[in-house]
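S.K.: I would like the atomic coordinates for the input below:
(4 chains)
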Protein chains: 4
Amino acid sequence: MRMMKAAVFVKPGSIVLEEKPIPTVGPGDALIRITTTTICGTDIHILKGEYPVKPGLIVGHEPVGVIEDIGEGVTGYEVGQRVIVGAITPCGQCYHCLDGHQAQCGGKPIGGWRFGNSIDGCQAEYLLVPNAQANLSLIPDGLTDEQVLMCPDIMSTGFGGAESGRIKIGDTVVVFAQGPIGLCATAGARLKGATRIIVVDTVPARLQVAQRFGADTVIDYKSVDPVEEIMRITEGRGVDVAIEALGTQETFESCLRVLKPAGVLSSLGVYSGKLTLPLDAIAAGLGDHKIVTTLCPGGKERMRRLLNVVESGRVDLQPLVTHRFGLDQIEEAYDLFANQRDGVLKVAITP
Amino acid sequence: MRMMKAAVFVKPGSIVLEEKPIPTVGPGDALIRITTTTICGTDIHILKGEYPVKPGLIVGHEPVGVIEDIGEGVTGYEVGQRVIVGAITPCGQCYHCLDGHQAQCGGKPIGGWRFGNSIDGCQAEYLLVPNAQANLSLIPDGLTDEQVLMCPDIMSTGFGGAESGRIKIGDTVVVFAQGPIGLCATAGARLKGATRIIVVDTVPARLQVAQRFGADTVIDYKSVDPVEEIMRITEGRGVDVAIEALGTQETFESCLRVLKPAGVLSSLGVYSGKLTLPLDAIAAGLGDHKIVTTLCPGGKERMRRLLNVVESGRVDLQPLVTHRFGLDQIEEAYDLFANQRDGVLKVAITP
Amino acid sequence: MRMMKAAVFVKPGSIVLEEKPIPTVGPGDALIRITTTTICGTDIHILKGEYPVKPGLIVGHEPVGVIEDIGEGVTGYEVGQRVIVGAITPCGQCYHCLDGHQAQCGGKPIGGWRFGNSIDGCQAEYLLVPNAQANLSLIPDGLTDEQVLMCPDIMSTGFGGAESGRIKIGDTVVVFAQGPIGLCATAGARLKGATRIIVVDTVPARLQVAQRFGADTVIDYKSVDPVEEIMRITEGRGVDVAIEALGTQETFESCLRVLKPAGVLSSLGVYSGKLTLPLDAIAAGLGDHKIVTTLCPGGKERMRRLLNVVESGRVDLQPLVTHRFGLDQIEEAYDLFANQRDGVLKVAITP
Amino acid sequence: MRMMKAAVFVKPGSIVLEEKPIPTVGPGDALIRITTTTICGTDIHILKGEYPVKPGLIVGHEPVGVIEDIGEGVTGYEVGQRVIVGAITPCGQCYHCLDGHQAQCGGKPIGGWRFGNSIDGCQAEYLLVPNAQANLSLIPDGLTDEQVLMCPDIMSTGFGGAESGRIKIGDTVVVFAQGPIGLCATAGARLKGATRIIVVDTVPARLQVAQRFGADTVIDYKSVDPVEEIMRITEGRGVDVAIEALGTQETFESCLRVLKPAGVLSSLGVYSGKLTLPLDAIAAGLGDHKIVTTLCPGGKERMRRLLNVVESGRVDLQPLVTHRFGLDQIEEAYDLFANQRDGVLKVAITP
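M.R.: You can find the predicted model right below:
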């Protein structure tokens, strides 16, 4: 049995590099040799034991790589092609996928998220991709690994937040929190035609990147009350769409407090503890407000569209890669990323 | 000054019949002589002081009547025509109305609800209708007052709940609570193509009416745990759309607990106190769930469509009228309705 | 090699019963033993040579049957289960399926229609189903073959016409032509909340069935000019949605002539020759009109929803089956159906 | 009676500057003193007698100006404020406006277009605005007349073409013809998230402006067959959305020929003569294609959104103004514009 190195969840607090067998393909699968991957905020939740996965699981769900082997029944691909695969890998053939809810594949909540969750992930030398026919997306020539590294998860998620908000031309949009996903939501809001994009964070470097990605107004929540400030600059009108990109009661509630009647709260955050709806902010349920949650859209068609965005130069997410590590150094990368040291936004991991 | 009788909010606990001047029309207005009206659950909130209005205000927002006078600038109507007016009276000309959010007219939360809220209402002999051009809807010949009495509010609200749920052909829908609005949501879900409609209540008479209005399965929440029962009969799949028609933490939460991933919670209830989102039921924010609140849609186009429903015989809401009173007896009617005595569903009040 | 009987297209004018090998399953396939099938209008186009298929092809695309064999990789099914399969069999995994356009699977026009078109069909004792995971739909217990026989094609198509029209509660809808698909469009319009459904045909039996399926007004185009009549009964307003269910210049044009500004023409017909847009009817392109064409939606989720409709009793399409034949008599059935003799609507063919 | 100068349609071939009375406001009206206006392609159709209006009518429908007088019942505005008014002036209060179809106000085709069509227009010193409450839109400080001059018509129309096409992130879009409206459609497609925008024209200056507005690929239809070229560069896939911005059989047909199955043809052109649907391009009606026509959206909410676009700097349409004339020179301006001399795109007319 050929072996590979892989980052494995051992127990809360411990993700370590181990030797694992290289998977073999079955019908419908593909094997990818990983060339670049990254660490996601969700991986940190896993590391901390806040999101439970089985001990022994290989983590990671943002793969860039090269096709190494192709299972029976998968057509139209060749060994050696460069591909990305979405963090979410829908089967395309269950009732829920066919109904358009690919991220909830199989009808189980979050059912489409498999890599580094219900099956082995991509922080490894090799990755087995299920339902490969629905999930392998070719990287256009001329694009580097780092240019497309954000497509599988944070770009898809952040853009999804903008799309679920049903942003219209001329909308005012606020994005609460400008971590990697919030920054992608900012870029997505710009891409959808919002004409006033307000972002809220406190880290200067993030607010600067936000402006490069399309923010018109930046608010440092440590300097000013963001709800008051947003109501002031919108002259009491509030925003058309509020995107939550952190996962806390405070940002969730602030979104509702700045939302106009009939506005949309597009929620991307992963919440823990309790989440309360401030009834005064939603007119006791009579304000025609909408709250929409969005899990990262996946599948190869989604990836194709995001690759189009990258290839066209509309959005350049490479500035998000602030640090680079070999797979051998992944424990060090986790340490940096989990502690948000050194201005880290995203890391690139190369086996 | 000519005088009329009207039900006036005096103070919490007290709505009394008083003499009030008959209003006179200004530009854009119409004066309606009320022939039938009714009492809404919201009026009970006002009576109890739970929803604040100014003392001295005439209450009521479900008018059926006859045009008595027409203000300058209102065209295409004649004195003597029978009309209804929606509970919500949008101006049609502000930014928010023109953007399609007529119930939030003016951009204030619930801004479109004026009758018996921000201006005098219709539990009176006469009613002044603002923005009459946008709000007077002719009653087709052959329809009685009682046949169209539910159009201004509960039919529009209940149907709105079904519409906001974006019900598709073949959907399974649950409606929590079968008061008048919940019953209309049931009828609306049927009209939109749901093929399995589950309703939850405990009053036998209401469950019976629910079956006449299209419910396929009735659940008495006192006999069985509705969440468990719904998950059982849907074989663990959950419902596509859950409609909340009561306004409590328990029903709101139950809606989320039976909702499939990517399902829609369509909320009609008026909530008080606190409202908490059960995070386990929404996959911590990753389940692609939607929560949509809907205030009663108004305006004459909405009323025209609802009158079409009545005229076509698709839905007959007259069975909801269980009791009848003269305007002189309105205090007695309030007493009956507030205490939900004698199997009351809706009362008809005739000046 | 085991052999079966099958209806084979030989040349224009000739579909004959032949001996053909029973197919064997490969990975992803299923083999269905047909218990009931039917003949479609499209099959008549094939018979007449108006729609070209390869000589030697087994025709037919409306299968009801029993699973006989299951290929590798197909899970969750058992031999012996009763199933239907849609006329359109999307793969679920190509770019176009994943983008929600399953009927155009693969990005080729009509790419999702394979049975009796690009691969062997179901007017035979056995049928090989590709992409079985996405296409086998279990028949609920208690439903007969004839009750579900319309789901694979005409019910899905007709309902699709109503859905593509985006019918809203209170809409007025016209359906031009009340053949089997037009009748299903009528039933679909009813199911979606149209409150005035006008149908146009001339065959008394069809107009009668239309009334049972939900038509409010029937127009015999031989007795009265349908455009004039529709404009008269809508008082010059026109209809909100016009459904074309025949495929001729005259019905297409009539749809536009009765359509209100901003209305939707939902087109189901298969056109031949030339199709001209009457510019006066669409305000020279400035009337905000929409023209939407719809190919029969397929896939097992679609079938599941349609089976829900049948099981709930909302719509009963069995009255469409006017004649019954054994597979041995299929040439006779073609003769009857092609010539529309004896009041035939649909035939049931049982191997 | 005070008099003003105005461009009046006299007879086909003749629009001349005449003296006309300055209108006086009635209830609901406003009087605008025009500071800048322009000439539209539609005005040329009027000039040539191709679009019939009454002799004596003042033409023009793209007003920028200052409020001079306000009628009874119009609130929230003051004399002296700078405003634009859309080319389309919906009432906001009829059945069709309340149903969201403001451009078809009143239910008559093109009913919302009044200026220079059914009532006097704005190529004059003063303009009477009906339904002023729904139509006066304040110009943000700091924006010049020329910066906002395109909002009332071509920007709204062109963007409307992109919006009606329901462009999604990652779409490939073609715009046929790059006159002023086509150029705005290009800018709108960019603003909606299209990542590959192909434009077709032959005038080098227009193709250059197109590139500034967001076109990725320009095709000169005199150098290459645009249908072949588009199919080549999309590798046979076709485009997701095709926008027609000319109004000819050839461009309409080409749109369909490059459209993928299930794609949308968004039509902006004003057609004359005959318009034929090429059946092979739409798979005989089975390709799930959509054809959507769009009249310029109007009303003050629309204008507010477009002014947001201008103010945000997202799109700068001032480069479209290639020539400037006083109102006294308007006949000369018509001559230049009608004959498309001297590289004219749009003219600015200042009374």
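S.K.: let's verify the nearest residue to residue A:95 once chain neighbours are set aside: helix, strand, or coil?
M.R.: Nearest residue to residue A:95, sequence neighbours excluded (CB to CB, 6 or more residues apart in numbering or on different chains): residue C:301, at 4.6 Å. The C-beta positions use only the backbone N, C-alpha and C, and glycine is treated the same way. When classified by DSSP: H, G, I helix; E, B strand; the rest coil, residue C:301 comes out as helix.
S.K.: is it correct that residue C:301 is in contact with residue A:98?
M.R.: Yes - using CB atoms under 8 Å, residue C:301 makes contact with residue A:98 at a distance of 3.8 Å.
S.K.: re earlier: contacting residues for the residue nearest to residue A:95?
M.R.: Residues near residue C:301 by CB atoms under 8 Å, 6 or more residues apart in numbering or on different chains: A:95-96, A:98-99.
S.K.: filter these down to just the ones in helices.
M.R.: Under the assignment DSSP state H, those contribute A:95-96, A:98 to helices.
S.K.: so which bits of chain A are right by chain C?
M.R.: Chain A has residues A:27-28, A:72-73, A:90-100, A:102, A:131, A:133-134, A:299-302, A:304 near chain C, with proximity defined as CB under 8 Å from any CB of the partner chain.
S.K.: check the gap between the closest residue in space to residue A:49 that isn't next to it in sequence and residue B:145 for me.
M.R.: Distance criterion CB to CB, 6+ apart; nearest residue to residue A:49, sequence neighbours excluded, is residue A:12 at 2.7 Å. Here the criterion is CB to CB, to the nearest Å. By it, residue A:12 lies 67 Å from residue B:145.
S.K.: give me the more crowded residue out of the two.
M.R.: residue B:145 (18 against 13; other CB atoms under 10 Å in any protein chain shown).
S.K.: how long is stretch A:228-242 end to end?
M.R.: Start-to-end span of stretch A:228-242 (CA to CA, to the nearest Å) is 15 Å.
S.K.: what about it, distance to the chain center?
M.R.: 27 Å (CA atoms, centre = their mean, to the nearest Å).
S.K.: next to chain D, which bits of chain A? Give me the list.
M.R.: Residues of chain A lying near chain D (CB under 8 Å from any CB): A:159, A:163, A:168-172, A:188, A:191-193, A:195-196, A:216, A:304-306, A:308-309, A:311-312, A:314.
S.K.: contacting residues around the helix or strand hosting residue A:256?
M.R.: Using DSSP states H and E, residue A:256 sits in helix A:249-257. Here helix A:249-257 makes contact (CB under 8 Å, 6+ apart) with A:174, A:176-177, A:200, A:226-227, A:242-245, A:265, A:267, A:269, A:271, A:273-278, A:281-282, A:289.
S.K.: from these, which are also near chain B?
M.R.: Taking CB under 8 Å from any CB as the test, chain B is in contact with A:267, A:269, A:271, A:273-277, A:282, A:289 out of those.
S.K.: quick check: bridge partners of residue A:241?
M.R.: Beta bridges link residue A:241 to residue A:173, residue A:264, judged by DSSP bridges.
S.K.: was I right about it contacting residue A:166?
M.R.: Yes - Residue A:241 is in contact with residue A:166 according to CB under 8 Å; the separation is 7.4 Å.
S.K.: ok but residue A:32 is inside a strand, no?
M.R.: Yes - checked against three-state DSSP, residue A:32 lies within a strand.
S.K.: distance of it relative to residue A:79?
M.R.: Separation of residue A:32 from residue A:79 (CB to CB) stands at 11 Å.
S.K.: quick check: neighbours shared by the two?
M.R.: Taking CB under 8 Å, 6+ apart as the criterion, residue A:32 and residue A:79 both touch A:67-68.
S.K.: strands along the stretch 1-150 of chain A, start to end?
M.R.: Applying DSSP state E, counting those that start in this stretch to the stretch 1-150 of chain A gives strands spanning A:3-11, A:14-21, A:30-36, A:64-70, A:82-84, A:126-129, A:137-138.
S.K.: contact partners of the fourth one?
M.R.: Identification of contacts with strand A:64-70 by CB under 8 Å, 6+ apart yields A:24-25, A:30-37, A:77-84, A:122, A:126-127, A:132, A:136, A:139, A:145, A:148-149, A:152.
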